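1. predicted coordinates and the sequence they were generated for:
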Amino acid sequence: MRPDLQGPLRLAGVYILFSTLWILGSDYLLHALVSDETLLAELQTAKGLVFVLLSTALIFLVSYRDRQAQNQLLAELTHSSQLLKQAQRNAALGSWEYCDGFHWSAEALSLLGRSAEDAQSSLEQLLSWLHPAERATAQRAVQALLQEQISLSISARLLQPNQQQRTWLMLRGEFDSNGKILGTVQNISTQKRDESALRESEQRFRQLFEQTPRIAVQGYDRERRVIYWNQASTQLYGYAVHEVMGRRLEELIVPPQARSKVISGITQWQLGGQPIPAAEIQLQRKDGSLVWVYSSHLMLRNSLDQLELYCVDIDLTEQKKIDNELQVSETRYRSLVEHLGDAIFITNAAEQLSFLNPAWEQVSGYPIHESLGSPLQRFMPELGQVPLNQQLQALRKGELDNLRLECQLLTQGGQVRRVELQLNFSPLEQSLHGSLRDVHERHQAQQLQQARNAVLDELLGLHPLHSILAGITRRLESLQPQMRVSIMLLDEHQRLHIGAAPSLPETYSQAIDGIPAELEVGSCGHAASSGELVIAEDLSRHPYWKNYQALALHAGLRACWSLPFKDDSGQVLGTFGIYYPQPTRPSAADIALVTEFTRLAGLAVQFSAATVS
C-alpha cells in the first residue's frame, strides 16, 4: 500500500465503523424504548444532530493525531539531518555524487578549498586541485570506479603552494543499489601527521635500542629464529649479529635444563595461552656462563600477520651483587637490633609504629603484633601534651637534629615506667626513628634519694609532721601516677587517723578517719593490727571491706593494699594505703618502692615525736 494513502484510509475506516455502529445501534434503542411516533421523529432529529457533532469530533481527533505524528516525524527528521551535518563538520567529512561530472556538497567544497562556483566539476578540474605527485594515482582510481565499478579509496594532497602544512584528503566512492555513484571526501591531515610522527618515533626508538648499552633487545620469528639482535645483546651474551641471525632462541641463550620449558611456554602463548610474565631469570652467555637478567616479552604481528616475539633483557649482574651485599648488611643490622637491650622503633608518616625489635616486649610488656599500627602516643601520653608536642614539631621541621628526653611509658600491666626516649626524624620517609631505654630503677633511686634529702631537710627545719607526710605522698605519686596514696597514723587508743591523703576525696578521708586498728577492718585497719602487708585487689569482693565497699566505690576506688610502718622496736606507727581506680595487684617493684617510703614516714613520725617530747 502507498504510504500516502494510509492516513486517509484509516480515517475513512474509522468513520464508516463509527457511522454504522451509531445508526444501527441508535435505531434499535429508539424503537425498543419509544413507541410514540411524534416523539420518535423528534428523537431521530436529535440523534442526527448528535451524530454530526460526534462524527465531527471523531474526525477532528483522528486528523489531529495524524498531524501530531507527522509533525513529530518531521521534527525527528530535521533533528537527524542536523546531527548528520554536525557529525560531518566534526569529522571533516563532505559528500559528492558523480553524474556527468562531480557534484560537490558545501562541506566537500570547503574541504577542497573551493568556492560555490566549483560545485560541479570535471575529473580534469579535480586533478588540477591535487598535488602533481598525486594526480596519476587519483586519475587511475577514478577511472577504475567509472569504468570497472571498483570502489574508490585513495588519499591525496591538495595543491597548496603557499602553505607550510599539507592538507591530505581521503576520497571514497562506490555504486549504490540504484546505480548511482556516491562518495565522500574527508580531511585526514591529522591522521597523516600522526602516522609521520609515529614513523619518526619508531625510528628514534630503533636507534635508542641500538645505542642503549644495558638494554638487550632480540626479535624472533614464529619458529623462534633470530630476526633482530641489537648491540647490547652482543655485549650481554657475547654473540655477534652474524652469528645469531636465523638461529633459534633456545640454542643460543637458554640453559639446557630450561629449554623444553621455554619452548613450551612460547608455543602455548602463540596458540592463545597465557603470556610469559616479566621476571628475573638466569640466561646463558656464549662462553657457557650464566647471567641474571630482568626479561620482558612482547608478542606482535608483522605486516604479513605473522607472530613475532621480542625480548627485552636488562643486565642485573651489578644489581645482584649490590643486593647480596645489602642483604648481608641487613642481616647483620637485624641481628644487632634484635639483640639490643634498648627498644628500637620506627613510625610511619601517620606516626603509627611500623617496626619494633624484641626488646619492646620486655620494656612495655605489649606483644609486638598488638603494638604495630598503634600511635606512639598511646604508650607515652606525654608526647601529646604541649611542651613535648612542641619539641616534636620542632624536630619534624628540622629545627632540632634529634630529641633526647625522659618520659613515662604505660606498660601493659597498667604500670608507669620511666624511660629515656631518643628520636630522630627522617625527612625522606616522613617518619620517626627512635629508641627506648628503661631507666625506671635509676629514676626511682634518684627520686627516693631526693625524697630522703627533702624529708631530712624538713625535719631539721622543724616543719609540721602533716607537711612532711604530704610531701612524701606527693613524691610517691609522682613516681607512680596510677597510685593514690594515704598515710594513716596510729594513736594510743588503737585508732588510725589521716596523716596525709592529698589525692583522696575529702569526704572519703573524713569517713575513714578514726577507724579502729583491728583485724578485717579494711586494709589499713588489718595491716595496723597484724603488722603485715594486706592486699585487696577488688574492693567489691574483699571480705575486709564489707562495711566500706559502698563508700570506696562511690569515691572511685576499686583496689587497695596497705603496708604498716614501725618504729625501731617494731611497734606499728601507721600505715601506707595505696589505692587504684581499677581492680589490680601491686607488683614486687611497687611493694619495694613503697617500703622505702615507709621508712621515711617512720623516721619522720619518730623524729617529730622526739621533738615534741
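-> Perfect, I can see it now.

2. now do the SS call for the residue nearest the centre of the chain.
-> Nearest to the mean C-alpha position of the chain, counting by CA atoms, centre = their mean, stands A350 at 14.3 Å. What DSSP: H, G, I helix; E, B strand; the rest coil gives for A350 is coil.

3. which one is it nearest to, not counting chain neighbours?
-> P375 (8.0 Å; CB to CB, 6 or more residues apart in numbering). Using the backbone N, CA and C atoms, a C-beta is placed for each residue, glycine as well.

4. just list whatever residues bridge to that neighbour.
-> The partner list for P375 in beta bridges (DSSP bridges) reads Q352.

5. what separates it from V605, distance-wise?
-> Separation of P375 from V605 (CB to CB, to the nearest Å): 46 Å.

6. which one's more surrounded, these two?
-> Neighbours were counted for P375 and for V605 using other CB atoms under 10 Å; V605 has more, 22 against 14.

7. okay, and the more buried one sits in which element?
-> Assigned by DSSP states H and E, V605 belongs to helix 588-612.

8. which positions in that helix come out as buried?
-> For helix 588-612, the buried set under the neighbour-count rule, 16 or more other CB atoms under 10 Å, comprises 590, 593-594, 597-598, 600-608.

9. what does stretch 127-143 give?
-> Within stretch 127-143, the residues scored as buried using 16+ other CB under 10 Å are 127, 129-131, 134-135, 138, 141-142.

10. next up, the contacts around P367.
-> E361 (CB atoms under 8 Å, 6 or more residues apart in numbering).

11. returning to that earlier point: off-centre distance for the helix holding V605?
-> Relative to the chain's own centre, helix 588-612 is displaced by 60 Å; criterion: CA atoms, centre = their mean, to the nearest Å.

12. and that helix, what does it pack onto?
-> Packing partners of helix 588-612 (3 or more CB pairs under 8 Å, 6 or more residues apart in numbering; DSSP states H and E): helix 440-460, helix 465-479, strand 559-566, strand 572-580.

13. before we move on, back to that, could you dump the buried residues of stretch 127-143 into JSON lines with secondary structure, pLDDT and distance to L539 added?
-> As requested, these are exported to JSON lines (DSSP: H, G, I helix; E, B strand; the rest coil; pLDDT from 0 to 100; distance: CB to CB, whole Å):
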{"residue": "L127", "secondary structure": "helix", "pLDDT": "90", "distance to L539": "111"}
{"residue": "W129", "secondary structure": "helix", "pLDDT": "89", "distance to L539": "107"}
{"residue": "L130", "secondary structure": "strand", "pLDDT": "90", "distance to L539": "106"}
{"residue": "H131", "secondary structure": "coil", "pLDDT": "90", "distance to L539": "104"}
{"residue": "E134", "secondary structure": "helix", "pLDDT": "88", "distance to L539": "104"}
{"residue": "R135", "secondary structure": "helix", "pLDDT": "91", "distance to L539": "110"}
{"residue": "A138", "secondary structure": "helix", "pLDDT": "90", "distance to L539": "106"}
{"residue": "A141", "secondary structure": "helix", "pLDDT": "90", "distance to L539": "105"}
{"residue": "V142", "secondary structure": "helix", "pLDDT": "89", "distance to L539": "108"}
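
14. now, which of these sits nearest P502?
-> H131 (103.4 Å; CB to CB).

15. does the residue nearest to A350 touch S354 like I think?
-> No - P375 is beyond contact range of S354, at 11.3 Å (criterion: CB atoms under 8 Å).

16. so who does the residue lying closest to L469 once chain neighbours are set aside touch?
-> Leaving out its chain neighbours, the residue that sits closest to L469 by CB to CB, 6+ apart is A500, at 3.7 Å. Residues counted as contacts of A500 (CB under 8 Å, 6+ apart) are 466, 469-470, 472-473, 486-487.

17. now do 7 Å
-> Applying CB atoms under 7 Å, 6 or more residues apart in numbering, we find A500 in contact with 466, 469-470, 473, 487.

18. again with K192
-> Counting by CB under 7 Å, 6+ apart, K192 makes contact with W168.

19. and it, what are its phi and psi?
-> Note on K192: its backbone torsions stand at phi -60, psi -40 [degrees, to the nearest 10].

20. neighbours of the nearest residue to P583 once chain neighbours are set aside, how many?
-> Among residues not flanking P583 along the chain, D538 sits closest, at 4.2 Å (CB to CB, 6+ apart). For D538, the number of neighbouring residues by other CB under 10 Å comes to 14.

21. D538 reaches L557, doesn't it?
-> No - using CB atoms under 7 Å, D538 is not in contact with L557, being 11.1 Å away.

22. run through the stretch 51-200 of the chain and note the low-pLDDT ranges.
-> By pLDDT under 70, the low-scoring segments of the stretch 51-200 of the chain are 79-91.

23. now do the strands in it.
-> All strands of the stretch 51-200 of the chain, identified by DSSP state E, counting those that start in this stretch, fall at 93-98, 102-104, 120-121, 152-157, 168-175, 181-187.

24. ok, which of those comes nearest W229?
-> Closest approach to W229 among the strands of the stretch 51-200 of the chain (CB to CB): strand 152-157, 35.6 Å.

25. could you give the angle of the closest one to strand 93-98?
-> With axes from the mean of the first three to the mean of the last three CA atoms, to 10 degrees applied, the angle from strand 152-157 to strand 93-98 works out at 120 degrees.

26. restricting to C-alpha, output strand 152-157 in CSV.
-> Provided in CSV are the C-alpha atoms of strand 152-157 (Å, rounded to 0.1, in the frame of the first residue of the first chain):
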residue,chain,number,x,y,z
LEU,A,152,37.4,4.3,-4.9
SER,A,153,39.6,4.8,-1.8
ILE,A,154,42.7,7.0,-2.2
SER,A,155,44.5,9.6,-0.1
ALA,A,156,45.9,12.7,-1.9
ARG,A,157,47.4,16.0,-1.1
